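*Asks:* Give me a 3D structure for the following:
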Amino acid sequence: MPSLFRKKLSYAMNFSVIRQADTPWGKAFANALAANHRHLILTGTSEPALEALVRDIVRKYPVLVHYLVTDDADTGSIIVACEKINDRFEVDLLVNYAETGFPLTLENEDIRALDRRLKTSHASHILFLHQLLPNLLLHAHARVVDLWCSPQPVSVWEQALLTYHIRFAEHLNAEMDDAGLGIASFHLPVSDGPELPAMAVTMLEEAVPGFCGSSVMAG
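*Replies:* Just a heads-up that it's a prediction; the model follows:
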């Protein structure tokens, strides 16, 4: 992705980072933000899907869009991606999306598959926030939107993990209030239906000051 290796395009431009933008929910949030004239940095695992999303967004909206392929189960991959973002861009919004859900009971999960899934869906969430936090704190009204997508019903042990993360975000939000950083958490259903764009707009209106949902729906 050569565009990320060019010099910083503008010191006055703020970018929104969207994790797992190559998912249905990620695409919905990316399009909603682009319709609000926000420049984007997209991360995900599928380079063809990210490239296609970039092409679609820049065709429709006059915004800058970059992407990075990341492996959310690999701490090194996340750190390298965040270092590139911090070095080249000003970030005032992180859409911290994660897909959770385990098809088997805990005792029947393969240990290697369980380790990778836990890192991808839970540990990486905090790591992305930690790595981008200094960048976010440079802005007076930066926002983090935590998105937890999981099938229903959620197993008891996984619900405990989700509850922990949501409570952690609530405490962090209170601690960061004086610094101007706001953190909002949402629990999302698994879906790829036509309702996603409107739902994404509603959540962004609630979480991001100045977000204009009417401009998205008009587009």
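
*Asks:* Does Q131 touch I78 like I think?
*Replies:* Yes. Counting by C-beta atoms under 8 Å, Q131 does reach I78; the two are 6.7 Å apart. (C-beta placed from N, C-alpha, C; glycine too.)

*Asks:* which outside residues touch the helix ranked longest in the chain?
*Replies:* Longest helix in the chain, counting residues (DSSP state H): helix 156-175. Applying C-beta atoms under 8 Å, 6 or more residues apart in numbering, the contact partners of helix 156-175 are 100-102, 106, 122, 125-126, 144, 146, 148, 150, 154, 181-185, 187.

*Asks:* the helices in the protein, which residues?
*Replies:* 24-35, 47-60, 75-88, 111-118, 124-136, 156-175, 196-207, 213-218.

*Asks:* hmm, back to that, so Q131 and I78 - more neighbours on which side?
*Replies:* Regarding Q131 and I78, a neighbour count based on other C-beta atoms under 10 Å identifies I78 as having more, with 22 against 19.

*Asks:* where does that one land on pLDDT?
*Replies:* I78 is assigned 97 on the pLDDT scale.

*Asks:* residues contacting it?
*Replies:* T70, D71, D72, S124, L127, F128, Q131.

*Asks:* Skipping its backbone neighbours, what lies nearest T202 in space?
*Replies:* In space, and not counting its chain neighbours, T202 is closest to G213: 7.1 Å by C-beta to C-beta, 6 or more residues apart in numbering.

*Asks:* contacting residues around that neighbour?
*Replies:* A32, V201, T202, L204, E205.

*Asks:* again, but for C82
*Replies:* Per C-beta under 8 Å, 6+ apart, neighbours of C82: F128, Q131, L132.

*Asks:* how deep is A81 tucked in, by neighbour count?
*Replies:* Number of residues near A81 (other C-beta under 10 Å) recorded here: 24.
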